[in-house]
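J.: Quick one, what's the 3D model for this:
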Amino acid sequence: MNSFSSFRPHAGMYSKLPLSDALIIIMLLAILSANLLAVIHILNNFLVAEIPIRHSTINEGIVGVPVHKNPLFATSIVEQDIAALTHAGLLQRNMNGVFTPQLAADWKQDSKNQYTLHLRKNVFFHDGTPLTTADVLYTIRIIGLLPEKNEYRIAWNGVEVSAPDEHTVIVTVPEGNLHFPEGFTVPILPKHIWQKIPEEDWQKYKGSGAYTGAGPYMHRSETLTMDERLTTLTLEEFPGYALGRPYVEKITFHFFATPSELLKAYTNGTINALHSIAPAEVAALMRQNETDHTVYTARTNRIFGIFFNAGDGRTLENPFLRSILAQRIQREHIVTNIFQEQATAIQGPLATDEDIKEQHITTEEIQQTLEDIGWKFDGASGYREKDGVPLRLSFVFPDIEEMRQIAEILVTEWKKFGVDIEMRALPQIVMKNIIDERQFDIILHGYTAEKPKNLGNLWKSGDENNIASLISFGSPTLNSLLEELEHSSPPERYAEKADEMNDSTWRKMVYTDIKVEMKKSVPAVFLYSPHFLYILPGNIISDDLRNTHQNRITKPRDRFSAVHKWHTKKEKVWKFLVKE
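T.: So this is what the prediction gives:
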């Protein structure tokens, strides 16, 4: 018997194979190959991980120079940006406006006024010193010694803090303090550094360790001019960051005196990232600069409007006259033509008031209303007057191009009513003096407010530095409603339904009443909420920024909430080589 190995095909053997059988064999081989490839692909995905590459540098330009290195005194945008990278808080606000743990491992609200937080273990400052509750308590103690108008001092006023051990913090907030959990974002200072510095030097201290924190980036170097003016500040990734070592290795800030210098630096390639510039300027940069880039956008809680000076003896003391000027405001025109849709039209004191209703009152109807209340048209002057007093109003606004365009749109409409408007575009320092002296009838102004409960500090009369004071406005009804928002529980008029209401429900109801009162008393006309625009190199991948078109940021520094995850590209490696 011949063995199998001795078998030899005879000539013509394959030629006798029927075509149908050959096709079947080919199909089977094809199926076998496809299945084999599929198995290999599945095994590859199972065994291989795709991880970001730790690489790249961001050169970001910004107008202004940081004055304070101590993050508790950070007031300007540039100072807050640096503080957000070099320091960390117990919590941080993400791009959705949600508070998430940063130095804290977890947190919970035990009651309406008490919180418990647990620190992460094995968390360190940039110099390798462990971070414990002693540093938290020390930071809070310093806050209590800050100037009364400091935002952190206001947030932590009257708050009791205790630490039963090195990793547990218990915080009790007094009734009426609505700054939490925002207060937990305060940057934690290293006690071992700052306790050696005299209190009178905290604000201006620039010595060793001034930038030492527990944030994702640590101080590396800086450049100064001959007169010791800071021109650049370079930060490098901190391997021991609590949320994970950043993938972008360095972030260098370049400081400029004017917006034109900033734009020129981007055009010539000195910087590859910038923010807080007008949409028209962004569009122009994109046309001029052929380098790869990405423009990220997000909605904000910034509100701009025109505010009326209702002071005694002034023309706009009369709310009915203010309501006339509030008619036929072209919000959508402003958003479309000045901001290229990079703003949202609003009609209330919060940026979420986007339900815009078109006004159908004609110019002729408004003119007749003015006639009826005694403001007669004077043919000689071309404007209206009443009892010999001309309807002449001063309108001041910042000397910024888009502000000037908005003012021109508004004034063009008002002049159709027969109102004589004096337009004054002023530099910021002059604007401050005009505001302090209340030397205006109308002002184009902005403020930030995230939720209804933030409005009390802005609109309740009696505070020398808020919006109500700025425009000499006061309403007992509005004050009462704003005071209701300062409590942790529903007002008495909701007593029967209190058990059915959560915090969000009853505050929304009070806020509705506030909008009705403001519409009746007309202290302002709210126009738009600008979007946040941020240009980054095209090779920088940031999923958190990419998904912000429906989200909001309260402050520009919020964009860094997930900066440790930003990366350039990914590479595939065996999973057993990836460190957890």
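
J.: what's the spacing between residue 248 and residue 153?
T.: Shown here: residue 248 relative to residue 153, a distance of 33 Å by C-beta to C-beta, to the nearest Å. (Glycine included, C-beta is placed from N, CA and C.)

J.: One more: residue 294?
T.: 38 Å.

J.: what does residue 553 give?
T.: Counting by C-beta to C-beta, the gap between residue 553 and residue 153 amounts to 24 Å.

J.: out of these two, which sits in the busier spot?
T.: residue 553 (24 against 16; other C-beta atoms under 10 Å).

J.: Quick check: closest non-adjacent residue to the more buried one.
T.: With C-beta to C-beta, 6 or more residues apart in numbering as the criterion, residue 553 has its nearest non-adjacent residue at 5.0 Å, and that residue is residue 298.

J.: Name whatever forms a beta bridge with that neighbour.
T.: Here residue 298 sits in beta bridges with residue 532, as judged by DSSP bridges.

J.: since we're on it, how many residues are nearby?
T.: Using other C-beta under 10 Å, residue 298 has 21 neighbouring residues.

J.: same question, residue 416
T.: Neighbour count for residue 416, taken as other C-beta under 10 Å: 13.

J.: Tell me the pLDDT of the closest residue to it other than its chain neighbours.
T.: Excluding the flanking residues, the one nearest residue 416 by C-beta to C-beta, 6+ apart is residue 363, at 5.0 Å. At residue 363, the pLDDT value in this model is 87.

J.: same deal with residue 550?
T.: Among the per-residue scores, residue 550 holds a pLDDT of 63.

J.: what's the answer for residue 7, then?
T.: Note for residue 7: predicted pLDDT of 49.

J.: again with residue 154
T.: With respect to pLDDT, residue 154 scores 89.

J.: can you tell me which residues contact it?
T.: Remark: with contacts taken as C-beta atoms under 8 Å, 6 or more residues apart in numbering, residue 154 is in contact with 148, 179.

J.: For whichever helix or strand it is part of, C-alpha coordinates in PDB please.
T.: With elements taken from DSSP states H and E, the one containing residue 154 is helix 151-155. These are the backbone C-alpha positions of helix 151-155, laid out as PDB (Å, rounded to 0.1, in the frame of the first residue of the first chain):
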ATOM      1  CA  GLU A 151     -14.300  86.900  45.400                       C
ATOM      2  CA  TYR A 152     -12.900  84.100  47.600                       C
ATOM      3  CA  ARG A 153     -13.400  86.200  50.800                       C
ATOM      4  CA  ILE A 154     -17.000  86.800  49.900                       C
ATOM      5  CA  ALA A 155     -17.600  83.100  49.100                       C
END
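
J.: can you tell me how far residue 313 sits from residue 472?
T.: Counting by C-beta to C-beta, the gap from residue 313 to residue 472 is 10 Å.

J.: Those two - which one has more neighbours?
T.: In terms of neighbours (other C-beta under 10 Å), residue 472 is the more surrounded of residue 313 and residue 472; the figures are 17 against 5.

J.: and residue 117, how many neighbours?
T.: Neighbours of residue 117 under the rule other C-beta under 10 Å: 23.

J.: where does it fall, phi/psi-wise?
T.: Note on residue 117: its backbone torsions stand at phi -130, psi 150 [degrees, to the nearest 10].

J.: and what of residue 124?
T.: Main-chain dihedrals, residue 124, degrees, to the nearest 10: phi -130, psi 160.

J.: Residue 300 now?
T.: phi -120, psi 180.

J.: just the helices in the stretch 401-550 of the chain please.
T.: Per DSSP state H, counting those that start in this stretch, the stretch 401-550 of the chain has helices spanning 401-416, 428-437, 456-459, 467-470, 476-484, 503-521, 543-546. These are given in chain order.
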